[in-house]
Every structure is written in C-alpha cells, then in structure tokens.
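Trainee: Let me see the structure of the following:
(2 chains)
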Amino acid sequence: MNFIKVFQRLLPIPKEYEKVALIVKAHWFEFVAEIILFLVFVAIPPAAYYFIDRFEPGLLATQWLPLVFILGGSAWYLFALLLFFTNFTDFFLDVWIVTNERVIAIEQLGLFARDVTQTRLYQVQDVKTQVRGILQSMLGFGDVVVETAGTEGKMVFNNVAGPNEIARRIMELVEGDRKYHEDKIRMMKLENQPRIIDSGA
Amino acid sequence: MIIPLWYLLIVWGVFVGLTVLLSLANLFHILHYGFWTFKSALFSLFYYGAVIIILYWAWIHIGEFDWNQALFTIGTPNFNIPASL
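Mentor: Presented below is the predicted three-dimensional model:
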C-alpha cells in the first residue's frame, strides 16, 4: 500500500509530525460471501445446460440455443466477473488508519462513492470490542467501536482481525495524546503566570 | 422490414464495452488511491485474464454463425395463398 498516495488522495492535509501507528483492514472472512456469490453465478450456465440436456434435449438441436449460450453465456460471465471485481474493490479499499493524531475510516461504497471519516484522538471517549458468534470467536475477528465526542458519535471497524489488540493499541495512543495535550496546557499556563521579580530592596 | 441477426452483436458489443469500462473504473480506484499491492495486482490479473479468455472463446464461436440471416421480420406478413383459391 502506498501511504503517501493514500494520504494525498484521501486526506490532503497530513500533519508534519503525524505518524501512522496502525493500518487495519477487514478480515478475509468478510469476502467469503462475495466468493460464494461468484461461484453461484459461475455455476448457473452449466446447471442450465445440464437441466436442458436432461429434460428438454430437443432444444439443444435448435438453431438458436447455441447462439443464446455463446452471447448470453459470455455476457453472463463478464457480468459475474465485474460484480466480483467491484465487490473486491469495495472490500479492499475499506481501511482504517490510526495515527498519533487521529483515527481515519475510509470506506468505499460501490464504484463511485466513498466515505472518509476522521476523529481526533483527544475526542475519543471509549474503545470497545465486539466478538459475536462461533466463527468470529474461532477465526479471531470482530468489531472495534471507537466512541467519540464528535457529531458522528462512534466509529466502527467492522470485522477486523485481532480486535482486542487493536483496541488496546488505540487506547495507548489516546492516553499518549491526552498526556501530550495536558503537558502542553500546563506549559502554557506556566508561561502565562505573572512572574514575581524580587528586586531585593 | 428484416432485422438481421448481427443486430444482436451490437447489443452484445455495447454490453462488453460497458463491463470493460466499469472494470477500468475499478482499476483506476485501486491505482489512484494507492492500494496497488501484490493482492490487488493478482486479482486484477485474474480478472483481465478471465475476461480475455471469455472474449476469445466467444469470438471463435461467433464466427460459426451466419449473421446475415433474419432474426425476425417487422411489417406485413408474407402469406403464401394456395393457387387453388
């Protein structure tokens, strides 16, 4: 993944001191449903041919059916492949990036829509994980919910691998960021305090 | 009016063109947003390889048909009235 491009295209104003701490993508299991759908699409023309051959073999001898199979079949497979490719792009371009400054959710929605949501680490109030069901428990993936004080309310990392580890890392970054801001405020307060200069008189 | 069979080829060609165009949009997104990795390259290779194989297969079989024959006829039907009438 080319992070410079990711930042340039999706977040035009990266901070100078900003460093990427985590890059999270959805677990491969999320794509299994798309693979099954593709395999069903692939199996339909041979199944149709099989049933015609079994129950109406006379149809195969007609002039038009081979034509239907060639034009219709190729169009069907092209459509199935395009759907598969689009689903792959949709799956592959969904990414959550955690830096030492903010949490960014980039979600591809179909071919021509994309959502980019970001929240500052100091706005994060709580991070929780949700692992539900036998598959999520066995394969070790689940949701990470980042609750924020912003208008969005919460940010959900859907079906990511190792949700507990990710939540722990985010909390570490949040604590680090909070400490940095508290120190900064303390320093500013100290600078603004009136100085007592003892003249010695 | 006779509608020849090759009219179907135009419809098919438009559909193929559209799918290729949309797939290029997919590829553009992957490249544009910096997600060109081994996985995405492999998947793209699989997709375009499969598309080429399908189109090649279709192209070979398309040549077996007589595309000038009529698909259907629009207008007054041509009845052959028996001479005895």
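Trainee: residue boundaries of the strands in chain B?
Mentor: Applying DSSP state E to chain B gives strands spanning B:2-4, B:70-73.
Trainee: Which of the residues in the longest helix anywhere in chain A are classified as buried?
Mentor: Ordering each helix of chain A by length in residues (DSSP state H) puts helix A:163-192 first. Under the neighbour-count criterion of 16 or more other Cβ atoms under 10 Å in any protein chain shown, helix A:163-192 has A:Pro163, A:Ile166, A:Ala167, A:Arg169, A:Ile170, A:Leu173, A:Val174, A:Asp177 buried. Heads up, the C-betas are built off the backbone N, CA and C, glycines and all.
Trainee: what does stretch A:19-30 give?
Mentor: A:Ala21, A:Val24, A:Lys25, A:Ala26, A:His27.
Trainee: Out of those residues, the closest to A:Met155 would be?
Mentor: A:Val24 (11.3 Å; Cβ to Cβ).
Trainee: that older thread, hey, least reliable of the strands of chain B by pLDDT?
Mentor: Comparing mean pLDDT across the strands of chain B, the weakest is strand B:70-73, with a mean of 72.
Trainee: Break chain A down into its domains, please.
Mentor: A:3-26+A:97-184, A:32-90 (automatic domain parsing).
Trainee: For chain A, what is the nearest residue in chain B?
Mentor: B:Gly34 (2.8 Å; Cβ to the nearest Cβ).
Trainee: Would you mind measuring from that residue to A:Tyr50?
Mentor: 45 Å (Cβ to Cβ, to the nearest Å).
Trainee: Settle it for me: which of those two has more neighbours?
Mentor: Neighbour count, other Cβ atoms under 10 Å in any protein chain shown: between B:Gly34 and A:Tyr50, B:Gly34 has more, with 18 against 11.
Trainee: Need phi/psi at the more buried one.
Mentor: phi 80, psi 30 (degrees, to the nearest 10).
Trainee: likewise B:Gly63?
Mentor: phi -70, psi -10.
Trainee: same deal with the one 4 residues further on?
Mentor: With angles defined as degrees, to the nearest 10, B:Trp67 shows backbone torsions of phi -80, psi -10.
Trainee: And the pLDDT for it?
Mentor: Per the predicted model, pLDDT is 80 at B:Trp67.
Trainee: Hmm, it is touching B:Ile3, no?
Mentor: No - counting by Cβ atoms under 8 Å, B:Trp67 stays clear of B:Ile3, with 11.9 Å between them.
Trainee: Near B:Val20, how many other residues are there?
Mentor: 14.
Trainee: Okay, the spatially closest residue to it that is not a sequence neighbour and B:Asn68: tell me how far apart.
Mentor: Leaving aside its sequence neighbours, B:Val20 sits nearest to B:Val51 (Cβ to Cβ, 6 or more residues apart in numbering or on different chains; 7.1 Å). Here B:Val51 is placed at a distance of 28 Å from B:Asn68 (Cβ to Cβ).
Trainee: Contact partners for residue 31?
Mentor: Unless you meant another one, I'm taking chain A. When contacts are counted by Cβ atoms under 8 Å, 6 or more residues apart in numbering or on different chains, A:Phe31 touches A:Asn87, A:Phe88, A:Phe91.
Trainee: wait, the second one sits on A:Glu30?
Mentor: This points to A:Phe88. No - A:Phe88 is beyond contact range of A:Glu30, at 11.3 Å (criterion: Cβ under 8 Å).
Trainee: ok, back up a step: any idea how far the residue of chain B closest to chain A is from A:Phe31?
Mentor: Counting by Cβ to Cβ - B:Gly34 and A:Phe31 are separated by 20 Å.
Trainee: No more questions from me, cheers.
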